[in-house]
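Enquirer: Here's a sequence, model it:
(2 chains)
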2 protein chains.
Amino acid sequence: MTLRAIGLVHYPVLDRGGETVTTAITNLDLHDMSRSARTYGVEELYVVHPVAAQRLLAERIQSHWVSGSGKKRIPDRSLALELLRIVPGLDDVYAAIAGPAGRRGVSIWTTAASARSGPVTSYASARSLLQQAPLPVLILFGTGWGLAASIVEDADLRLEPIRGESDYNHLSVRAACAITLDRLLG
Amino acid sequence: MTLRAIGLVHYPVLDRGGETVTTAITNLDLHDMSRSARTYGVEELYVVHPVAAQRLLAERIQSHWVSGSGKKRIPDRSLALELLRIVPGLDDVYAAIAGPAGRRGVSIWTTAASARSGPVTSYASARSLLQQAPLPVLILFGTGWGLAASIVEDADLRLEPIRGESDYNHLSVRAACAITLDRLLG
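Expert: Presented below is the predicted three-dimensional model:
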C-alpha cells in the first residue's frame, strides 16, 4: 500500500483558545491541496464538513472546475479537483476507503504544528512505513488551529511537526500539506 | 551566506499561451509565502508588481496584519507579514538586497514547473551550494504560468522542476514555494 488519500477536516478542530469549533471552507484549500495530491499520486482528497450549505459550496466549486466553464479555461485544474470527495464526517471517509470495515480498514496518520498528544514519528520513518503499510493510509490535516484531540488520540501514527530553521510554526495548511506529501513521496 | 530572500513576480510572467503578461495580486500568496519564509528563516519576501494600485492593495493587506486589527486577532500572522517588501520591479529588489552593486551583488535562482531554458540544478546540489554561496541568494517564483524567459535566462542557477509521482506539474505557487524552502532548508 502507499498513501491512498488525504483529508481536510473542518470539524472537530481547535480554535486559537483550544476550544472545539467548525471552520468555514476556504476555496484555495480545495485548489492547492487537490493540485498537490494529483502531483504526488494521491487518489483522493476528502473534504470533511458537517454543514450541508458548506458542502454545497465545495460541490459547486468542484463542478465549476470539473465539468463547468472553469474546465474550458484551465483544463489542468479539472484533473486536480476531480480528486475531491466532499463528506459530512470522518466515518464517511472510512466507509468510502474501506467499505464495511470502516475505521478498522484504514490506517490514520495525523499532522500537527506541535506535538501535543504523545509520541510522534519522523518523516524518514514514516516514508518507509508507508511502503509497507498493510492498510490504505489516510493523512488528516486540520483547519483552524489543528485537529481536535479526539482525532489525534485515535490516530495510528502521528507525524512529527514540520519545523524549519526558526521557532515559528504557523505554516498554512496548504503549505503543510505540500511539504508533507513531498517528504513522504517526493 | 544562506538564503536571503524570496521574490514573487507578477511581471514579466507568462500566461497559458506563452505571452508575457502582468498578473493580479492574490491575498493568500502573501500570507502563505510569508508564513513559509518565516518558518524557514528567510529574511524577506519581495512582492514585485509594476502597477501602483496593486502595490497599494498589498500594502494595505500588510498593514492590516502588521499594525492593524489583524495583529490583535492573530498575532502570529504579524511576524510573517512583516517580511513583505512590496516593490515595482526586480531592480528594486536587487538594490534593496545589494545596494549600489544591484544585480551584480545578488545570486538569482529561478524556479519553474518545467525545464525550458537550459540546464537545471538538482535540489541536493542546490542545498549544498546555498551553504557556500558568496553572494546573498534570492529565489524567484512566478505567478501565472511562470517566470518570463528573460528572467530565467538571466538567472545564476535554475532549480529543477518539482515532480511528484505523476506527470502532473501544476502545483500552486504557494505549494511550490513551501516545498522549495523545505528541500533547501528543512
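Enquirer: I'd like the next helix or strand past the lowest-mean-pLDDT helix or strand in chain A.
Expert: The weakest-scoring helix or strand in chain A, judged by mean pLDDT, DSSP states H and E, is helix A:69-73 (a mean of 90). Counting by DSSP states H and E, the element after helix A:69-73 in chain order, helix or strand, is helix A:75-81.
Enquirer: how much space is there between A:P119 and chain B?
Expert: Going from A:P119 to chain B by C-beta to the nearest C-beta, to the nearest Å gives 21 Å. (Each C-beta comes from the backbone N, C-alpha and C, glycine too.)
Enquirer: thinking again about what came up before, residues of the least confident helix or strand of chain A that come out buried?
Expert: Neighbour counts using 16 or more other C-beta atoms under 10 Å in any protein chain shown place A:70-71 of helix A:69-73 among the buried residues.
Enquirer: and that helix, what other elements does it pack with?
Expert: Applying 3 or more C-beta pairs under 8 Å, 6 or more residues apart in numbering or on different chains; DSSP states H and E, we find helix A:69-73 packed against helix A:75-81.
Enquirer: Partner strands of the following helix or strand past the helix it packs on and their direction?
Expert: Next along the chain after helix A:75-81, taking DSSP H and E as the criterion, comes strand A:84-87. Applying DSSP bridges, strand A:84-87 is found paired with strand A:44-48 (parallel).
Enquirer: Buried by neighbour count: which residues of the partner strand qualify?
Expert: A:44-48.
Enquirer: right, is the helix or strand just after that strand up against chain B?
Expert: Next in sequence after strand A:44-48, counting helices and strands by DSSP H and E, comes helix A:52-66. No - judged by C-beta under 8 Å from any C-beta of the partner chain, helix A:52-66 stays clear of chain B, getting no closer than 12.1 Å.
Enquirer: Run the angle between helix A:52-66 and strand A:44-48 for me.
Expert: Counting by axes from the mean of the first three to the mean of the last three C-alpha atoms, to 10 degrees, helix A:52-66 lies at 150 degrees to strand A:44-48.
Enquirer: What's the mean pLDDT across helix A:52-66?
Expert: Mean pLDDT, computed over helix A:52-66, is 97.
Enquirer: for stretch A:5-13, same thing?
Expert: On average, stretch A:5-13 scores 98.
Enquirer: can you check stretch A:151-163 too?
Expert: Stretch A:151-163 comes out with an average pLDDT of 95.
Enquirer: Can you give me the first-to-last residue distance of stretch A:112-131?
Expert: 22 Å (C-alpha to C-alpha, to the nearest Å).
Enquirer: before we move on, what about stretch A:131-144?
Expert: Start to finish, the residues bounding stretch A:131-144 are 30 Å apart (C-alpha to C-alpha).
Enquirer: OK, contacts around the residue of chain A most remote from its centre?
Expert: The centre of chain A is farthest from one residue, A:K72, which by C-alpha atoms, centre = their mean lies 27.3 Å away. Listed by C-beta atoms under 8 Å, 6 or more residues apart in numbering or on different chains, A:K72 has no contact partners.
Enquirer: Return the residues of chain A in contact with chain B.
Expert: A:16, A:28, A:31-32, A:35-36, A:38-41, A:74, A:76-77, A:79-80, A:162-166, A:168-172, A:174-179, A:181-183, A:185-186.
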